[in-house]
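Q: this is a predicted model, with the sequence first.
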Amino acid sequence: MIKVDQLRISFGTHEVVRGVSFDVAKGGSFGIVGESGSGKSTVLRAMAGLNEDWSGRIAFDGTDAPLKRPPAFFRQVQMVFQDPFGSLHPRQTIDRILSELLLVHKLPDVEKRIKQALSDVALPQTVRFRYPHQLSGGQRQRVAIARALIAEPQVLLLDEPTSALDVSVQAEILNLLADLRQARNLTYVLVSHNLAVIAHLCPQLGVMLNGEMVEQLSADDLRAGRTKHAHTSALRTLSIDLEEPA
């Protein structure tokens, strides 16, 4: 479903992503882990079409993605951001936030789709006419996930989707994302600095360091300590717990 080959991204004369390559099978989930400044979120933004200054190849379902994405692309690929409070318009109701993508793409059954989207992320229908500041952080992230899913995309790009949440809420959101992927046969790319989050949701992962993907391995190999690169071993040592959240 996803192929990234020799992706390079520069900001001015500084190359921040250097020849990153990876594949994700349809219905699969791939994690990208690294410290702040490693280039992991920059890779995701290029994949999402938010950064048009890159070289290499990005393909979805066998079709190369152009630098400037057509509107139809955003029905196939959606992104969930790190901070749900920042990514949701503060002066729009949840109803307006969820209906916007449907209206842009002229999709039918707006009312039915909004009700189903809220149900899919386990939110009560009563949140429809509230504003983001009237919801908890976990509820806001559920709204962000519902917005990403409402046009029925095939791919979700997840940029640190739980880092702004309490630990107990993180587990709820990760379990929700796992259930949605299985139910809808979605393909995920998840970016995080947290190895436990990556290992919970992604059977395969890549480790970023200074703009390069220095190692790719399975979550099982990571848990067992079967790593090849010193940076992967160091990240694993710093991680307190690689077991799956409850």
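A: All right, it came through fine.

Q: OK, contacts around the residue nearest the centre of the chain?
A: Nearest residue to the geometric centre of the chain (Cα atoms, centre = their mean): residue 158, 0.9 Å. Residues near residue 158 by Cβ atoms under 8 Å, 6 or more residues apart in numbering: 79-80, 177, 188-191. Glycine gets a C-beta too; all of them are placed from N, C-alpha and C.

Q: let's see it at 6 Å
A: Applying Cβ atoms under 6 Å, 6 or more residues apart in numbering, we find residue 158 in contact with 80, 190.

Q: just confirm it is within a helix.
A: No: looking at residue 158 with DSSP: H, G, I helix; E, B strand; the rest coil, it is strand, so not inside a helix.

Q: what's the separation between it and residue 67?
A: Residue 158 sits 23 Å away from residue 67, taking Cβ to Cβ, to the nearest Å as the criterion.

Q: next one: residue 200
A: For residue 200, the distance to residue 67 - Cβ to Cβ - is 33 Å.

Q: ok, residue 234 next?
A: With Cβ to Cβ as the criterion, residue 234 and residue 67 are 35 Å apart.

Q: can you give me the strands for the chain?
A: For the chain, strands defined by DSSP state E occupy the ranges 2-11, 14-24, 29-33, 54-60, 63-64, 77-80, 155-159, 187-192, 204-209, 212-218.

Q: I'd like the ones you listed as TSV, with mean pLDDT and distance to residue 145 appended.
A: Listed next are those as TSV, based on pLDDT from 0 to 100; distance: least, Cβ to Cβ, whole Å:
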stretch	mean pLDDT	distance to residue 145
strand 2-11	97	19
strand 14-24	97	19
strand 29-33	97	15
strand 54-60	97	20
strand 63-64	96	25
strand 77-80	96	6
strand 155-159	97	8
strand 187-192	97	12
strand 204-209	96	21
strand 212-218	97	26
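
Q: could I get those as a markdown table with distance to residue 96?
A: A markdown table is the format used below for the strands of the chain (distance: least, Cβ to Cβ, whole Å):
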| stretch | distance to residue 96 |
| --- | --- |
| strand 2-11 | 31 |
| strand 14-24 | 33 |
| strand 29-33 | 31 |
| strand 54-60 | 29 |
| strand 63-64 | 32 |
| strand 77-80 | 18 |
| strand 155-159 | 22 |
| strand 187-192 | 27 |
| strand 204-209 | 36 |
| strand 212-218 | 39 |
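
Q: which helix runs longest in the protein?
A: Secondary structure assigned by DSSP state H gives helix 167-184 as the longest helix of the chain.

Q: helices or strands next to it in the packing?
A: Here helix 167-184 touches helix 195-201, going by 3 or more Cβ pairs under 6 Å, 6 or more residues apart in numbering; DSSP states H and E.

Q: for residue 99, give its distance to residue 6.
A: 39 Å.

Q: OK, contacts around residue 164?
A: Residue 164 touches residue 83, counting by Cβ under 6 Å, 6+ apart.

Q: and it, its phi and psi?
A: Dihedral angles of residue 164 (phi, psi; degrees, to the nearest 10) stand at phi -90, psi 10.

Q: and it, what pLDDT?
A: Predicted confidence (pLDDT) for residue 164: 80.

Q: with the one 4 residues further on instead?
A: Among the per-residue scores, residue 168 shows a pLDDT of 84.

Q: what about it, how many neighbours?
A: 10 (other Cβ atoms under 10 Å).

Q: and the one 5 residues further on, by the same measure?
A: With neighbours defined by other Cβ under 10 Å, the count for residue 173 comes to 25.
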